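>>> got a sequence here, can you build the structure:
(4 chains)
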2 protein chains.
Amino acid sequence: MNTGRPCSIADALRIVGERWALLAIREISFGNRRFDEIARNTGASRDILTTRLRSLEAAGVITRRRYSDRPPRFEYHLTEAGRDLRMILNLLREWGDRWLADEPPVAAAHTCGHPLDLVFTCRHCGAEVRPEDIRLTVNSPDWELSGPTSS
Amino acid sequence: MNTGRPCSIADALRIVGERWALLAIREISFGNRRFDEIARNTGASRDILTTRLRSLEAAGVITRRRYSDRPPRFEYHLTEAGRDLRMILNLLREWGDRWLADEPPVAAAHTCGHPLDLVFTCRHCGAEVRPEDIRLTVNSPDWELSGPTSS
DNA sequence: GGCACTAGGTTGGATTTTCCAACTTAGTGA
DNA sequence: TCACTAAGTTGGAAAATCCAACCTAGTGCC
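Numbering: from 1, shown residues only, chains lettered A, B, ... in the order given. Predicted coordinates for the structure are as follows:
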């Protein structure tokens, strides 16, 4: 059995690299924190949703909070790690809007009033960052690369 | 059967919302364009990889190009839509580095020389964009929302 | 008290996917 | 002829998914 190259992308995908996991996170970030809401709005079947929520909780991406003791009722919240996934969801939406949708089902706008159009910039030099401006330096020796090590 | 809310995130995930699909895209973006390289470096089993590559091709994310006629040999390339996914992969790496890795297996740096630290800015107003600065406007009527419609 | 209803799951069973190793096909190079 | 490569394909077992129905503990209504 081959495990692939050591890579944080692969590690991240082991946790959130699945449809229902990310859609559950989307719902929670929308403020729909309860099991039934998440199930209804994602379309995930309830048993699968249970296992996803449990594994996201185990991974530290969400927490399960009791908001009523009698009867016992729970809601799910994003942890800091979970909140840190929201931009990825926004990028997925931008990508879907750009390449898939006939007409985007949801319009996203910046609070400045303009339609959302994200640019990536370097925190240090302030310049726009494009994928080809990113250089990867490998710490482990077993990387196989055909081209220049950018991303 | 419930299909969940109409959403470009869900639409995008139908195409790339799976571990092996995104890891294959990662490899191709690294310049490893051949079947055996992709299989080896992702760890995907060859049959699954075949179905993923076919469906990514059908979705217009990659193309399959013959680079040798005799014997027949192929390589995979990213389309523009595929290249447009690379930032998502970089964000996944940042997320994994931040929340998962004891020590990131790969260091990413901007060509300016500093370690990669991405900021999202609005193309129009130039300000930094945080998830809570994004307002969603729903076109379809069947959205269920508990909180303010941000993302 | 009896009934309907809610939230947050579980359960059973059929169907799909995945995983893995072995095999195939068409060709090259020694 | 023999070994080897690239790009898959195949078979069979194991795991995951999907779906509807069920369960449990409680509330509100009459």
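>>> any low-confidence regions in chain A?
Across chain A, residues meeting the criterion (pLDDT under 70) sit at A:1, A:141-142, A:146-151.
>>> and the residue of it nearest DNA strand D?
A:Pro71 (3.4 Å; CB to the nearest atom of the strand). C-beta: built from backbone N, CA, C; applies to glycine.
>>> for the residue nearest the centre of chain A, what are its contacts?
For chain A, the residue nearest the mean C-alpha position is A:Leu85 (4.1 Å; CA atoms, centre = their mean). Contact analysis of A:Leu85 by CB atoms under 8 Å, 6 or more residues apart in numbering or on different chains lists A:16, A:22, A:25, A:61, A:78, B:95.
>>> mind running it again at 6 Å?
A:Ile25 (CB atoms under 6 Å, 6 or more residues apart in numbering or on different chains).
>>> what does A:Thr111 give?
Neighbour list for A:Thr111: B:Asp133 [criterion: CB under 6 Å, 6+ apart].
>>> equivalent analysis for A:Thr50, please.
By CB under 6 Å, 6+ apart, the contact set of A:Thr50 is empty.
>>> give me the secondary structure label for the residue sitting furthest away from the middle of chain A.
When distances are taken from the C-alpha mean of chain A, A:Arg70 lies farthest, 33.4 Å away, according to CA atoms, centre = their mean. Following DSSP: H, G, I helix; E, B strand; the rest coil, A:Arg70 is assigned to coil.
>>> A:Thr63 too?
Secondary structure, three-state DSSP: A:Thr63 is strand.
>>> tell me which element the closest residue to it other than its chain neighbours is part of?
Nearest residue to A:Thr63, sequence neighbours excluded (CB to CB, 6 or more residues apart in numbering or on different chains): A:His77, at 5.1 Å. Assigned by DSSP states H and E, A:His77 falls within strand A:73-78.
>>> repeat for A:Glu57
Here A:Glu57, judged by DSSP H and E, is contained in helix A:46-58.
>>> near DNA strand D at all, that helix?
Yes: under the criterion of CB under 7 Å from any atom of the strand, DNA strand D is reached by helix A:46-58 at A:46-48, A:51.
>>> quick one: buried ones out of these?
Buried subset of the residues of helix A:46-58 next to DNA strand D (neighbour count, 16 or more other CB atoms under 10 Å in any protein chain shown): A:Ile48.
>>> and A:Glu37, that's in a strand?
No: looking at A:Glu37 with three-state DSSP, it is helix, so not inside a strand.
>>> what about it, how many neighbours?
The tally of other residues near A:Glu37 (other CB atoms under 10 Å in any protein chain shown) stands at 19.
>>> do you know how far it is from A:Leu89?
17 Å (CB to CB, to the nearest Å).
>>> helices along chain A, start to end?
Under the criterion DSSP state H, helices of chain A are mapped to A:8-16, A:19-30, A:35-42, A:46-58, A:80-83, A:86-99.
>>> highest mean neighbour count out of the ones you listed?
helix A:19-30 (a mean of 24; mean count of other CB atoms under 10 Å in any protein chain shown).
>>> mind exporting that helix as PDB, just the C-alpha atoms?
The C-alpha trace of helix A:19-30 is given here as PDB (Å, rounded to 0.1, in the frame of the first residue of the first chain):
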ATOM      1  CA  ARG A  19     -18.600  16.700   0.200                       C
ATOM      2  CA  TRP A  20     -20.700  16.300   3.300                       C
ATOM      3  CA  ALA A  21     -18.000  17.400   5.700                       C
ATOM      4  CA  LEU A  22     -17.500  20.700   3.900                       C
ATOM      5  CA  LEU A  23     -21.200  21.200   3.400                       C
ATOM      6  CA  ALA A  24     -21.800  20.700   7.100                       C
ATOM      7  CA  ILE A  25     -19.200  23.300   7.800                       C
ATOM      8  CA  ARG A  26     -20.900  25.600   5.300                       C
ATOM      9  CA  GLU A  27     -24.200  25.300   7.100                       C
ATOM     10  CA  ILE A  28     -22.700  25.800  10.500                       C
ATOM     11  CA  SER A  29     -20.900  28.900   9.300                       C
ATOM     12  CA  PHE A  30     -24.300  30.100   8.000                       C
END
